[in-house]
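Q: After the sequence you'll find the predicted model.
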Amino acid sequence: MNDANLPQQVIEDNIDFLIGDAVVLKNPNSDPQLLTISAFQPSQYYWIEGGELVHQDDVRTATTAELQAKRRLSEAEQALAEVP
């Protein structure tokens with residue numbers, strides 16, 4: 001029995017994100033909500049839950065602080081979150 005909470009998808013391409021990864025859009029003027037990768041599309045595109053298609057350069061993995069806040073943090077908020 002596999003007790004690890006890891007995706008069981010075979011990775012055939014060199015991709016940056018896995019199905020189920022929480023990501024945020026990099027553009028600070030875009031929607032700050034957390035997004036979830038639902039599928040990989042060849043040519044470095046990903047389907048987001050809800051049907052949006054994004055290029056890998058337009059998203060990044062959500063930080064721990066963003067996961068706790070349930071949204072993308074501004075640079076200032078991110079800096080404060082890193083202070084112990």
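A: Arrived safely, thanks for sending. Note that the coordinates shown come from a computational prediction; the quantities given were computed from them, not determined experimentally.
Q: which regions of this structure sit below the pLDDT cut-off?
A: Residue ranges of the chain with pLDDT under 70: 1-15, 84.
Q: For T63, give me its contacts.
A: T63 sits next to L73, Q78, A81 when contact means CB atoms under 8 Å, 6 or more residues apart in numbering. From N, CA and C alone the C-beta is placed, and that goes for glycine too.
Q: could you flag which of those are buried?
A: Buried by 16 or more other CB atoms under 10 Å: L73, out of the contacts of T63.
Q: Now do V24: how many residues are near it, please.
A: 21 (other CB atoms under 10 Å).
Q: right, and it touches R60 too?
A: Yes. V24 lies in contact with R60 (CB atoms under 8 Å); the separation is 6.3 Å.
Q: rewinding a little: would CSV of the contacts of T63 with distance to E52 be doable?
A: Output for the contacts of T63, formatted as CSV (distance: CB to CB, whole Å):
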residue, distance to E52
L73, 21
Q78, 23
A81, 26
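Q: closest to Y46 among the contacts of T63?
A: Proximity of those to Y46 (CB to CB) peaks at L73, which lies at 21.2 Å.
Q: which among the contacts of T63 gets closest to N29?
A: Distances from N29 to those, taken by CB to CB, are shortest for L73, at 14.6 Å.
Q: Assign the residue nearest to that closest one when sequence neighbours are not counted to helix, strand or coil.
A: Excluding the flanking residues, the one nearest L73 by CB to CB, 6 or more residues apart in numbering is E66, at 5.3 Å. Following DSSP: H, G, I helix; E, B strand; the rest coil, we place E66 in the helix state.
Q: So in that sheet, which strands flank the helix or strand where V54 lies, and in what orientation?
A: According to DSSP states H and E, V54 maps onto strand 52-55. Within its sheet, and counting by DSSP bridges, strand 52-55 is paired with strand 45-48 (antiparallel).
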